[in-house]
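> need a structure here:
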Amino acid sequence: IEAVDGPINALPLRFFERARAAAKAMTPRTNDRRGWLAGLPIAIKDYNDVAGQATTYGSPIFRNNVPAQSDTTVLALEANGAIAIAKSNVPEFAGANTFNPVYGATRNPWSLERSAGGSSGGSAAALASHMIWLATGNDLGGSLRIPASFCGVVGLRPSVGRVPRPAANPAFDALWVEGPMGRSVGDVALMLDAEA
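Predicted coordinates:
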């Protein structure tokens, strides 16, 4: 991540020490069930809460927003063995191009002059550049699918209700879904099982 992300700017919020502590706590033990993801590193989109880490929504208004508790999506993934290592960049309050006044623009790793799409552009760019194994995304009008297609990775918009949504999502966004992103259909299927 440190060697690759500079010009791409996909993962502006990193919490490696938290991730290392989670990995150490996951050391194999006899009959230990570690979950579907069993220690795989993932990126969490900056619209989802990770306990003790900033959730900015790409907006200066929320620059200092540090939730005490992870949201439903993150809790399910971590309960199934995922290790969150960073937050992926997002457009301010959603949109089809990932840039914001807090962290700037995310670039497409295939061509830095091009867009990574949005609103899950940070997740897609981090996957395409092999910085992470899996990433969260969410989708109302293409926010998983557009960046996945722009960056050559896989993003799945699950059926509404398949994956539990964070309680903070506005009630009027009833069609907003949480979904998995990865570099292959098999990886995305594994992550969907863990999320659902």
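> Could you tell me whether residue 21 really is in a helix?
Yes: under DSSP: H, G, I helix; E, B strand; the rest coil, residue 21 falls within a helix.
> just so I have it, where are all the strands in this structure?
13-14, 41-45, 83-88, 99-100, 104-105, 107-108, 111-115, 134-139, 154-155, 177-182 (DSSP state E).
> Quick one, which of the ones you listed gets closest to residue 55.
strand 83-88 (7.6 Å; C-beta to C-beta). C-betas here are computed from N, CA, C, even on glycine.
> Please tell me I have it right and residue 88 contacts residue 43.
Yes: contact criterion C-beta atoms under 8 Å: residue 88 and residue 43 qualify, at 4.5 Å.
> Need the residues touching each of those two.
Both residue 88 and residue 43 are contacted by 10, 11, 122, 123, 126, 135, 136, under the criterion C-beta atoms under 8 Å, 6 or more residues apart in numbering.
> Highest neighbour count among the residues you listed?
residue 123 (39 neighbours; other C-beta atoms under 10 Å).
> I figured residue 188 hits residue 182, correct?
Yes: assessed by C-beta under 8 Å, residue 188 is found in contact with residue 182 at 4.4 Å.
> The two: which has the busier surroundings?
Counted by other C-beta under 10 Å, residue 188 and residue 182 do not tie: residue 182 has more neighbours, with 25 against 21.
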